[in-house]
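Visitor: what's the 3D shape of this:
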Amino acid sequence: MNYICHSGGCPGADMTWENEGMKYGVHTIAYSFYNHVQKGRNQKILTGVELKEGFEAVMRANKMLKKYPQGQSQYVQHLLARNWFQVKNSDAVFAIAKKFLTKETVDGGTGWAVQMAVDCDKPVFVFLQDSMGGGWFRYMPIVGFESCRGEIPKLTENFAGIGTREINEWGVKAIQQVYRHNFPLKLDLVNDNGKTYLYIEGIPAFTILPNGEKDWIAPDAATMYMNNQKFVDEWLKSKFTEI
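Guide: Here you go, the predicted model:
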């Protein structure tokens, strides 16, 4: 499976989703617009037509949030509008938040994407980054957000990984745990003295030849590879263009 994270490329939760996802071969699309400054490696610049579509979704979400987006500057309106494409192109939304406004709504800019997903009847998971009473919550129709009671949510193949710019250590750990829960191994490609090495769980396992084939395997990594061969080979195939 080739996982895609739909995000926004902003400091905080967005880039944590992107950076941690890279360790597992997750490809991130960071939605942006002209003159918008963000840090995503794979930016999707939205057109004027797309931003108009996005703001229509903002106004639908506002029926529940009851704010005043139409009174904001064009730049802020575009920031809100791009949330729509994170939601539209994903199967489920996973968000890191500072707090809930009500039992059904989330604080800050993250709340717009969350509400758009609720409006589309998509699965929504929110991690409340609070050492007291925090954890993962799932939106349930009529009821609102309910605790997952310690369970870590399962990522979909196309997911939105978003959240607050003010992510704290609890939020970072939550994202790391989600990836660890959903992927069997942490993989990385490292270039050293003109050679490319595949690291499995921090152990240099293979030398990768120019044609993408594996040259040798370190004894310490052999068992991990054999137990997860399909996952490792698919990950390498997805990353081969970067080798």
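Visitor: Domain-wise, how is this structure divided?
Guide: Following automatic domain parsing, one gets these domains for the chain: 4-182, 187-242.
Visitor: Please export the C-alpha coordinates of stretch 179-186 as PDB.
Guide: Taking C-alpha atoms only, stretch 179-186 is exported to PDB below (Å, rounded to 0.1, in the frame of the first residue of the first chain):
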ATOM      1  CA  TYR A 179       2.900   5.600  12.700                       C
ATOM      2  CA  ARG A 180       4.500   3.000  14.800                       C
ATOM      3  CA  HIS A 181       1.100   1.300  15.300                       C
ATOM      4  CA  ASN A 182       0.300   1.300  11.600                       C
ATOM      5  CA  PHE A 183       3.600   0.300  10.200                       C
ATOM      6  CA  PRO A 184       5.700  -2.800  11.200                       C
ATOM      7  CA  LEU A 185       9.100  -1.200  10.800                       C
ATOM      8  CA  LYS A 186      10.900   2.100  10.800                       C
END
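Visitor: That one - what's its average pLDDT?
Guide: Across stretch 179-186, pLDDT averages out at 82.
Visitor: among the domains of the chain, where is the model least confident on average?
Guide: Ranked by mean pLDDT, those bottom out at domain 187-242, which scores a mean of 75.
Visitor: tell me how far it is from the chain's mean position?
Guide: Counting by C-alpha atoms, centre = their mean, to the nearest Å, domain 187-242 is centred 24 Å from the centre of its parent chain.
Visitor: got the domains of the chain as a markdown table, with mean neighbour count columns?
Guide: (Each C-beta comes from the backbone N, C-alpha and C, glycine too.) Shown next, in a markdown table, are the domains of the chain (neighbours: other C-beta atoms under 10 Å):
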| stretch | mean neighbour count |
| --- | --- |
| domain 4-182 | 18 |
| domain 187-242 | 14 |
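Visitor: Residue nearest the middle of the chain, spatially speaking?
Guide: Nearest to the mean C-alpha position of the chain, counting by C-alpha atoms, centre = their mean, stands Gly161 at 2.5 Å.
Visitor: Alpha carbons of the lengthiest helix in the chain, as PDB, please.
Guide: Criterion DSSP state H: the longest helix present in the chain is helix 48-65. C-alpha atoms of helix 48-65 as PDB (Å, rounded to 0.1, in the frame of the first residue of the first chain):
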ATOM      1  CA  GLY A  48      -8.300  30.600  -7.800                       C
ATOM      2  CA  VAL A  49     -11.200  28.300  -8.800                       C
ATOM      3  CA  GLU A  50     -10.100  25.700  -6.200                       C
ATOM      4  CA  LEU A  51      -9.800  28.300  -3.500                       C
ATOM      5  CA  LYS A  52     -13.400  29.500  -4.300                       C
ATOM      6  CA  GLU A  53     -14.600  25.900  -4.000                       C
ATOM      7  CA  GLY A  54     -12.700  25.700  -0.700                       C
ATOM      8  CA  PHE A  55     -14.300  28.800   0.700                       C
ATOM      9  CA  GLU A  56     -17.700  27.400  -0.100                       C
ATOM     10  CA  ALA A  57     -16.800  24.500   2.200                       C
ATOM     11  CA  VAL A  58     -15.700  27.000   4.800                       C
ATOM     12  CA  MET A  59     -19.100  28.700   4.800                       C
ATOM     13  CA  ARG A  60     -20.800  25.300   5.100                       C
ATOM     14  CA  ALA A  61     -18.600  24.500   8.100                       C
ATOM     15  CA  ASN A  62     -19.400  27.900   9.600                       C
ATOM     16  CA  LYS A  63     -23.100  26.900  10.100                       C
ATOM     17  CA  MET A  64     -21.800  24.900  13.000                       C
ATOM     18  CA  LEU A  65     -18.700  26.900  14.100                       C
END
